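[1] I need the structure of the sequence given here:
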Amino acid sequence: MPDLIPPRTPLTPEQVELGFDYLLALQTGGGGAVDGRAEAEPELAFVLLRLAEDIVGSATAVDGEAELSADSSALDEVGCALLSALRDWARDSPVTAAPGIARNIIRFTVNVIPDPEHPDTADTLEAMRDEHLVLAYAVHSAPGAHRVHPVRTAMRTTVHSVGVLRRA
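    Numbers count the residues shown, from 1 in each chain. Down below sits the predicted model:
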């Protein structure tokens, strides 16, 4: 089955930091800790949407090599529906979408992908940030930025070429 998500270039290290700084500030300090940041950072909704696609997609997408079941199909559809709603929100109202997308990522992290090695959600988000930074540096730090080395992360994503992420 062909990939339904079009190929895209992974986030830059700066974008990863921007997105996870916002997520961690919201998680640890609440809404007051992020007031005004969505207005000040025009690309924040885009960055958070891309992080949501990576986080939600890696946890809910049907693995092409796994045996299909009703539960895996339902989880895949729920993930697709959530991401579709977040994309529409980010397109229609980026300033209000940023905190909403961030809250959805946090809620998803707490309820769907808790990390037994990091029982605190902030620790889990920091571990995810580290994984995303490894990927971002692998893709964007090479001279010419077109050379890519495969990098496998705990989120089961592998860089196969510039702009293409596939579940491993």
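[2] For Ile113, give me phi and psi.
    phi -130, psi 50 (degrees, to the nearest 10).
[3] wait, it sits on Ala59?
    Yes - the pair Ile113 / Ala59 is scored as a contact, 5.0 Å apart, by Cβ atoms under 8 Å. The C-beta positions use only the backbone N, C-alpha and C, and glycine is treated the same way.
[4] Please, where are all the helices along the chain?
    13-29, 37-40, 44-60, 70-92, 94-111, 121-140 (DSSP state H).
[5] Point out the other helices and strands that the last one packs with.
    When contacts are defined as 3 or more Cβ pairs under 8 Å, 6 or more residues apart in numbering; DSSP states H and E, helix 121-140 packs onto helix 13-29, helix 44-60, helix 94-111, strand 157-161.
[6] right, so the ones you listed: which one is the most enclosed?
    Mean neighbours per residue, mean count of other Cβ atoms under 10 Å, is largest over the helices and strands packed on helix 121-140 for helix 44-60, with a mean of 22.
[7] remind me which residues of this protein are low pLDDT?
    Low-confidence segments of the chain (pLDDT under 70): 1-8, 64-66, 142-168.
[8] can you pull the contacts of Gly100?
    With contact taken as Cβ atoms under 8 Å, 6 or more residues apart in numbering, Gly100 is in contact with Leu86, Trp89.
[9] Mind doing that once more with 10 Å?
    Gly100 sits next to Ala38, Ala45, Leu48, Ala85, Leu86, Trp89, Ala90, Ser93 when contact means Cβ atoms under 10 Å, 6 or more residues apart in numbering.
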